[in-house]
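Visitor: How does the following fold in three dimensions:
(one chain, ligands or ions: 2)
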Amino acid sequence: MEKIFVDLGEKSYTIEIAAHSWGTLGKKVRALSKADKAAILTDRTVDGLYGNSLEQQLREQGFAVRRLVMEAGEDHKNLETFGRMVRACADFGMTRSDLVITLGGGVPGDLGGFVAASFLRGVDFIQIPTTLLAQIDSSVGGKVAVDLPEGKNLVGAFYQPKGVLMDPELLRSLDRRYLHDGLAEVIKCAAFGDPDLFARLEQFQGDEDILAHAAEISAACCRLKVKVVEEDERDVGARMVLNFGHTIGHAVERYYHYEKYTHGEGVAIGMVRLTRNTEKMGLTQPGTADRIQHLLERYQIPTEDSISDQNVLAGIAMDKKKRGNQITLIIVPEIGKHLLKKVAFADLEPYVKGWNHDHVAH
Ligand SMILES: NC(=O)c1ccc[n+]([C@@H]2O[C@H](COP(=O)([O-])OP(=O)(O)OC[C@H]3O[C@@H](n4cnc5c(N)ncnc54)[C@H](O)[C@@H]3O)[C@@H](O)[C@H]2O)c1
Ligand SMILES: [Zn+2]
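Guide: Ligands and ions are numbered 1, 2, ... in the order given. Modelled structure (predicted):
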């Protein structure tokens, strides 16, 4: 079992990662909470797989339990679902000493965390992430939110859980596309901050290896994210490194109206495109883009798209992370390292262009 302590003063908590720990989660929750009532906020798919078992375990620990089940998917991470869920907490008669448990991927995690942050101005919550993305990224860091029609994650809070409990074995029921989506972010973490993890990933042959080593992979990514979050709890600087590949990635995702690519796929295309260019510019050790690309391709994650340079630039111009006329790019000079480079918007083109540039019709 891996225990990672997140040092945030009085808001500190521990991330526990243990394969085959599912049957002990009720006890672990009890160790973290004296609550009478526990609301499990989950989605329909995850509820069908794991809801009964978790409810049973919590009842054995003396909790009164209610399952608050939302429809699965990003489309439901919205104010309507949020409204229904906070009202369900009121209907359950929860008090400020009761508990919300988020069970699922980043969608129930983000929405349920925001419910916990807002109901009665804040009740305790515990995250039980069940997707690779949630285990390595969204359950760590304390960002909770819902989407508006105007944009993603526009309403939310910084709100830390009392604990994060994960059993990587749960990833075995996950659809492969979601596994690979999370894996793109794993490869991102390894590329900018953990050369040993990158080398380990290069040794793995496919999904079975990833699943067999999921505890080790999640622990490495969480350690990296925790380090950055401890430095920058409210996302004003150091967390930026987590955005490697995201500037171009977001532009590609947006250009295809979030339909052609998952978030991880956009990031994959962004990492490869940027790193090819920084290699050409002499900022990155030759061969780095190839290593990133080969690793992604092993998991059938797309790494190239024919989107024109103009369309990438137009997408970046709309990115909310663009501040004034400058943008901070995360560049990987060699595997496991990163540097932050402020680039004026007018000078961005060489960083974002397609490498078969001359042949792309505009
Ligand atoms: N808070 C943060 O810092 C942060 C960081 C990154 C991403 N996010 C958010 O995370 C969300 C994406 O997360 P996600 O990819 O986990 O999406 P998700 O929660 O929608 O899960 C993906 C799908 O997998 C299913 N699923 C979940 N666990 C399963 C399991 N063990 N077995 C079978 N099916 C399972 C779900 O029902 C869903 O259909 C986005 O809303 C994004 O904004 C937040
Ligand atoms: Zn991301």
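
Visitor: so where's the protein uncertain?
Guide: The chain contains residues with pLDDT under 70 at 319-323, 355-362.

Visitor: and with 90 instead?
Guide: For the chain, the stretches with pLDDT under 90 are 151, 232-238, 317-326, 355-362.

Visitor: Check which helices and strands the helix or strand hosting residue 254 is in contact with.
Guide: Element membership for residue 254, per DSSP states H and E: helix 246-255. Under the contact definition 3 or more C-beta pairs under 8 Å, 6 or more residues apart in numbering; DSSP states H and E, helix 246-255 sits against helix 263-280, helix 309-318, helix 349-352. Where you see a C-beta, it was placed from the backbone N, CA and C, and this is true even at glycine.

Visitor: Can you give me the buried ones in the shortest one?
Guide: Residues of helix 349-352 classed as buried: 351, 352 (neighbour count, 16 or more other C-beta atoms under 10 Å).

Visitor: Helices along the stretch 151-300 of the chain, start to end?
Guide: Listed in chain order, the helices of the stretch 151-300 of the chain (DSSP state H, counting those that start in this stretch) span 176-193, 195-203, 207-212, 214-231, 246-255, 263-280, 288-298.

Visitor: Of all the ones you listed, which one is nearest ligand 1?
Guide: helix 176-193 (4.8 Å; C-beta to the nearest ligand atom).

Visitor: Please see if that closest one touches ligand 1.
Guide: Yes: under the criterion of C-beta under 6 Å from any ligand atom, ligand 1 is reached by helix 176-193 at 178, 181.

Visitor: What is the neighbour count of the spatially closest residue to residue 297 that is not a sequence neighbour?
Guide: Distances taken as C-beta to C-beta, 6 or more residues apart in numbering put residue 303 closest to residue 297, at 6.2 Å, once the chain neighbours are dropped. Neighbour count of residue 303, defined by other C-beta atoms under 10 Å: 20.

Visitor: what's residue 303 in contact with, if anything?
Guide: 268, 269, 272, 293, 296, 297 (C-beta atoms under 8 Å, 6 or more residues apart in numbering).

Visitor: got a list of what residue 264 touches?
Guide: By C-beta under 8 Å, 6+ apart, the neighbours of residue 264 are 133, 180, 181, 182, 183, 184, 185, 301.

Visitor: where's it relative to residue 159, distance?
Guide: 25 Å (C-beta to C-beta, to the nearest Å).

Visitor: Quick check: the two most widely separated of the contacts of residue 264?
Guide: Using C-beta to C-beta, the pair of the contacts of residue 264 lying farthest apart is 133 and 301, separated by 13.1 Å.

Visitor: Dump the C-alpha coordinates for stretch 16-24 into CSV.
Guide: Provided in CSV are the C-alpha atoms of stretch 16-24 (Å, rounded to 0.1, in the frame of the first residue of the first chain):
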residue,chain,number,x,y,z
GLU,A,16,-4.1,5.8,0.0
ILE,A,17,-3.4,3.6,-3.0
ALA,A,18,-3.8,-0.2,-2.5
ALA,A,19,-4.7,-2.9,-5.0
HIS,A,20,-7.5,-5.2,-3.8
SER,A,21,-8.4,-2.8,-1.0
TRP,A,22,-12.0,-2.5,-2.1
GLY,A,23,-13.4,-4.7,0.7
THR,A,24,-11.7,-2.5,3.3
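
Visitor: Any residue of it touching ligand 1?
Guide: No: figure legend: stretch 16-24 not in contact with ligand 1 (C-beta under 6 Å from any ligand atom); closest approach 10.5 Å.

Visitor: can you pull the buried residues of that stretch?
Guide: Going by neighbour count (16+ other C-beta under 10 Å), the buried part of stretch 16-24 is 16, 17, 18, 19, 21, 22, 24.

Visitor: nearest to ligand 1, of those?
Guide: Ligand 1 has its nearest neighbour among the buried residues of stretch 16-24 in residue 22, at 10.5 Å by C-beta to the nearest ligand atom.

Visitor: My guess is that closest one contacts residue 168. True?
Guide: No: applying C-beta atoms under 8 Å as the test, residue 22 and residue 168 come out as separate, 10.2 Å apart.

Visitor: list residues touching both of these two?
Guide: Common contacts of residue 22 and residue 168, defined by C-beta under 8 Å, 6+ apart, are absent altogether.

Visitor: Present the helices and strands packed on helix 246-255 as CSV; the columns should include distance to ligand 1.
Guide: Formatted as CSV, these follow (distance: least, C-beta to the nearest ligand atom, whole Å):
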stretch, distance to ligand 1
helix 263-280, 7
helix 309-318, 17
helix 349-352, 22
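
Visitor: As JSON lines, the buried residues of stretch 16-24 with secondary structure would be great.
Guide: Converted to JSON lines, those look like this (DSSP: H, G, I helix; E, B strand; the rest coil):
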{"residue": "16", "secondary structure": "strand"}
{"residue": "17", "secondary structure": "strand"}
{"residue": "18", "secondary structure": "coil"}
{"residue": "19", "secondary structure": "coil"}
{"residue": "21", "secondary structure": "coil"}
{"residue": "22", "secondary structure": "helix"}
{"residue": "24", "secondary structure": "helix"}
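
Visitor: which one of those residues is nearest residue 247?
Guide: Distances from residue 247 to the buried residues of stretch 16-24, taken by C-beta to C-beta, are shortest for residue 17, at 30.1 Å.

Visitor: who touches the closest residue to that closest one other than its chain neighbours in this structure?
Guide: Spatial nearest neighbour of residue 17, chain neighbours left out: residue 2 (4.3 Å); criterion: C-beta to C-beta, 6+ apart. Residue 2 makes contacts with 15, 16, 17, 18, 215, 218, 219, as judged by C-beta under 8 Å, 6+ apart.
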